[in-house]
Each structure stands twice: as structure tokens, then as C-alpha cells.
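1. just the structure for this:
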Amino acid sequence: MYQITTATKKIFQLTKRIRAVSGGTSASKTISILLWLINYAQMNHNEVISVVSETLPHLKRGAMRDFLNIMQAHKYYQEDRWSKTEFTYTFETGTKLEFFSVDQPERVRGPRRQILFINEANGVSYETYTQLEIRTSKIIWLDWNPVAEFWFYSEILPHVDCDFITLTYLDNEAFGEAERRALETHKHNAGWWKVYGEGLLG
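-> Reported below is the predicted structural model:
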């Protein structure tokens, strides 16, 4: 079972249409959002949830692998509900969770959805975000490591009533002690630590 962390609790408390989660490494951003998406899919019928990132290899190494690991750890996973060719999982509720990358323009400008999650949103252009946003009827999740300013800070935060939180590894009680000590050995590198340790804008 995946541990419910402080990060998870903070993410489950967000309520606005756009829910933006910035933070450092190992802060449980993606895992916690995926836990929310799975919970949503199990409670809502015949909807579509899109999990999007810059490339398919990036998705496979990150959010897709995390999703399958969570599903298996919680004993939710059923082999016949996962399409290995389409990268979609259909829940018992009829809600479908799909993975695709923004380098597939027919998917970006294609069918509509209820829920959108852009993983590492700073790797996606504002034009692509806009195309996805106007095709999403309910909730949009964004997460990223704050290495530099991007369109969220200029186009969304000043103009849209959104949730925006910052998480760090200290919000993730599931982070192993040895890994924590290894991470903290980088505190001397002030610029790196500001982003990946403290979750602050670089």
C-alpha cells in the first residue's frame, strides 16, 4: 500500500478548477495526484481522465509506471482493463484513464475529457496547455519542479483563481531515511537546493 503522506493530504484538500503543485524532488507530487485520480475514477462513472507529458518515454518512465505500481500495490489492477497499445485503463465505473504525450497533436486537439493532469507542466508549451485546457470540462492538475519561471507564473497565476501549493521532501513521510540523508548532502549547493530541496523557484 502507498502511504498517505502530508503531501497527499494537502493535494486532496484542493478544490479549484486549476490545481497547481510545485515542489522539490521526492515531494510525492506525482504519486499523490495519481492517488487522487484513481480515487476519482473509482467514484465517478463514464468519464475520461487524461495524463499528459512532453514525450511518451517520459510518461512510461514516470507517471505511467507510478500509476501501474499504485494499482498493483493496492490490488486494484486487473490485466484485462489495461490496454498496452493505447495506454488506457478502464475502471469498473466505466471511467477511462489515458496516457498520451504532447508530441501527438491529434491527441492534444482531439476528444474532450473531464479531468486533465499535465505532469511536469514546465516541459509543455502554453499553446499546448491552452488546447488541452479548453477541452477539459472539470479539473486540471499541473505539477513541476520549479527550475525556472514558465507560463504558469505569467499566464495563469496572475489571472486565474487557482489552487497553488509548494511541496518538499519533508511533506513525504514515505521518503526513506537513507535517501533523505543523501538528498540533504546537497544543501551546500545553494541554487540546486533552493529548487530540489526547498521547492522554491530557481
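2. contact partners for residue 198?
-> Applying Cβ atoms under 8 Å, 6 or more residues apart in numbering to residue 198 gives the contacts 24, 168. Placement of C-beta: from N, CA and C, glycine included.
3. quick one: secondary structure of it?
-> Following DSSP: H, G, I helix; E, B strand; the rest coil, residue 198 is assigned to coil.
4. pLDDT score assigned to the residue nearest to residue 123 when sequence neighbours are not counted?
-> Sequence neighbours aside, residue 54 is the residue nearest to residue 123 in space, at 4.0 Å (criterion: Cβ to Cβ, 6 or more residues apart in numbering). What the model reports for residue 54 is a pLDDT of 96.
5. dump the residue contacts of residue 54.
-> Contacts were defined as Cβ under 8 Å, 6+ apart; by that measure residue 54 touches 101-103, 120, 123-124.
6. and the gap between it and residue 179?
-> 26 Å (Cβ to Cβ, to the nearest Å).
7. tell me the gap between the strand or helix carrying residue 106 and the middle of its chain.
-> Following DSSP states H and E, the helix or strand that holds residue 106 is helix 105-108. Here the centre of mass of C-alpha atoms in helix 105-108, compared against the chain's by Cα atoms, centre = their mean, to the nearest Å, lies 19 Å away.
8. with stretch 136-145 instead?
-> Relative to the centre of its chain, stretch 136-145 is centred 8 Å away, using Cα atoms, centre = their mean.
9. what does stretch 83-91 give?
-> If you compare the mean C-alpha spot of stretch 83-91 with that of the full chain, they lie 18 Å apart, counting by Cα atoms, centre = their mean.
10. do stretch 136-147 as well
-> Distance, stretch centre to chain centre, for stretch 136-147: 7 Å (Cα atoms, centre = their mean).
11. distance check, residue 172 against residue 73.
-> Relative to residue 73, residue 172 is positioned 16 Å away (criterion: Cβ to Cβ).
12. compare the two (neighbour count), which wins?
-> In this comparison of residue 172 against residue 73, neighbours counted by other Cβ atoms under 10 Å, the higher total goes to residue 172 at 25 against 11.
13. name the helix or strand for residue 20, please.
-> strand 18-23.
14. and the next helix or strand past that strand?
-> On the C-terminal side of strand 18-23, the closest following helix or strand by DSSP H and E is helix 29-43.
15. how many neighbours does residue 173 have?
-> Applying other Cβ under 10 Å, we find 13 other residues in the vicinity of residue 173.
16. which one is it nearest to, not counting chain neighbours?
-> residue 5 is the one closest to residue 173 (Cβ to Cβ, 6+ apart), at 4.9 Å.
17. and that neighbour, what are its phi and psi?
-> In terms of degrees, to the nearest 10, the main-chain angles of residue 5 are phi -100, psi 170.
18. can you count the residues close to it?
-> In terms of burial, residue 5 registers 20 neighbours under the definition other Cβ under 10 Å.
19. likewise for residue 22?
-> The burial count for residue 22: 23, using other Cβ under 10 Å.
20. export the contacts of residue 54 to TSV and append columns for distance to residue 133 and pLDDT.
-> Written out in TSV, the entries for the contacts of residue 54 read as follows (distance: Cβ to Cβ, whole Å; pLDDT from 0 to 100):
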residue	distance to residue 133	pLDDT
101	17	95
102	13	93
103	18	88
120	16	97
123	16	96
124	11	96
